[in-house]
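Participant: sequence first, then the predicted structure:
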Amino acid sequence: MIRKIPANKRYKAEHDWLTTYHLFSFAMYFDRGNMNFGALRVFNDDYIDGENGFGAHSHDNMEIITIVHEGTLTHQDSMGNTGTISKGEVQYMSAGTGVTHAEVNQGKEKVHLYQIWIMPDKQNQPPQYSQKDFSEAPKNILVPVASGQNMDGAIPIRTDSTIYLSKLEQGNTIRHTLKHDRGLFIYIKEGNLVINGTEFEKEDQARIIDETDILIKTSEGAEFIAIDVPMKLPI
């Protein structure tokens, strides 16, 4: 079954310095029927104004992955990590027993990023941090960027899930096999996709279960995020 959720069904929140689209219940947005997709708990599409950002705040027991689409974000946390995350880079933070961090756009232009939260397999583990550049990743395949499934080249994470990035060129096709009791979430960053015959446009999302063979095509080229997660909650 493929559930299509059009871009205009996302929850939009406007703040002084932040425009954000919540794909699942988050902050002031609460929908009991849209809390998660299996172990995937949060997917936010954020636009942060220049010289603004998230001040110090805390998390625990969540696997947090940040993907920067445009601009540069400055990060600082209670583990002693400081630095920047730019377009093409992926940041991983395992909140575990608790971590405090800040994310700020110190430049003049907007930063566009995606923040993803996935439930960990085990709670109350020591916090962890990692970061990797995928800007030179190959095209026309699913590139694993963060995974708890021993994927070559991916940042190791503490959940039985895999986050993929893909740049699919016009006329190309990707196949993905979805195992039993797992789901595949897809968010189109740019372009268009046809997934098992269903058409998707920019910022649409697909939530896929009970499909074994997934065929992903594009007529004009596309960039997208795909997340393969267990549908049974780990905790």
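Facilitator: Nice, I can see it.
Participant: low-confidence stretches in the chain?
Facilitator: Applying pLDDT under 70 to the chain flags the ranges 234-235.
Participant: element containing the residue nearest the centre of it, please.
Facilitator: For the chain, the residue nearest the mean C-alpha position is I116 (4.0 Å; C-alpha atoms, centre = their mean). Using DSSP states H and E, I116 sits within strand 111-118.
Participant: give me the residues contacting that strand.
Facilitator: 39-48, 62-73, 85, 105, 157, 159, 161, 163, 187, 189, 225, 227, 229 (C-beta atoms under 8 Å, 6 or more residues apart in numbering). To be clear about C-beta, it is placed using only N, CA and C from the backbone, and glycine gets the same treatment.
Participant: return the subset of those lying in strands.
Facilitator: Under the assignment DSSP state E, those contribute 40-48, 63-70, 72-73, 85, 105, 163, 187, 189, 225, 227, 229 to strands.
Participant: buried among the residues you listed? Make that a ChimeraX selection.
Facilitator: Only the buried entries of the ones in strands among the contacts of strand 111-118 go into this ChimeraX selection, using 16 or more other C-beta atoms under 10 Å:
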select :40,41,42,43,44,45,46,47,48,63,64,65,66,67,68,69,73,85,105,163,187,189,225,227,229
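Participant: got the residue ranges for the helices in the chain?
Facilitator: With DSSP state H, there are no helices along the chain.
Participant: surely G96 meets P126?
Facilitator: Yes. Counting by C-beta atoms under 8 Å, P126 is a contact partner of G96 at 5.4 Å.
Participant: more crowded one of those two?
Facilitator: G96 (20 against 10; other C-beta atoms under 10 Å).
Participant: quick check: that one vs A154, distance?
Facilitator: The gap separating G96 from A154 is 19 Å, by C-beta to C-beta, to the nearest Å.
Participant: and for G50?
Facilitator: In terms of C-beta to C-beta, G50 sits 31 Å off from A154.
Participant: higher neighbour count, those two?
Facilitator: Comparing G50 with A154 by other C-beta under 10 Å, the one with more neighbours is A154, at 21 against 14.
Participant: just checking, the more buried one touches V145?
Facilitator: Yes. The criterion here is C-beta under 8 Å, and A154 meets it with V145 at 5.7 Å.
Participant: identify the contacts common to those two.
Facilitator: With C-beta under 8 Å, 6+ apart, A154 and V145 have common neighbours I163.
Participant: tally of neighbours for N61?
Facilitator: Using other C-beta under 10 Å, the number of residues around N61 comes to 16.
Participant: leaving out chain neighbours, which residue sits closest to it?
Facilitator: Distances taken as C-beta to C-beta, 6 or more residues apart in numbering place Q123 nearest to N61, at 4.7 Å, with adjacent residues excluded.
Participant: list phi and psi for the one you found.
Facilitator: For Q123, the backbone dihedrals are phi -90, psi 160 (criterion: degrees, to the nearest 10).
Participant: great, nothing more from me.
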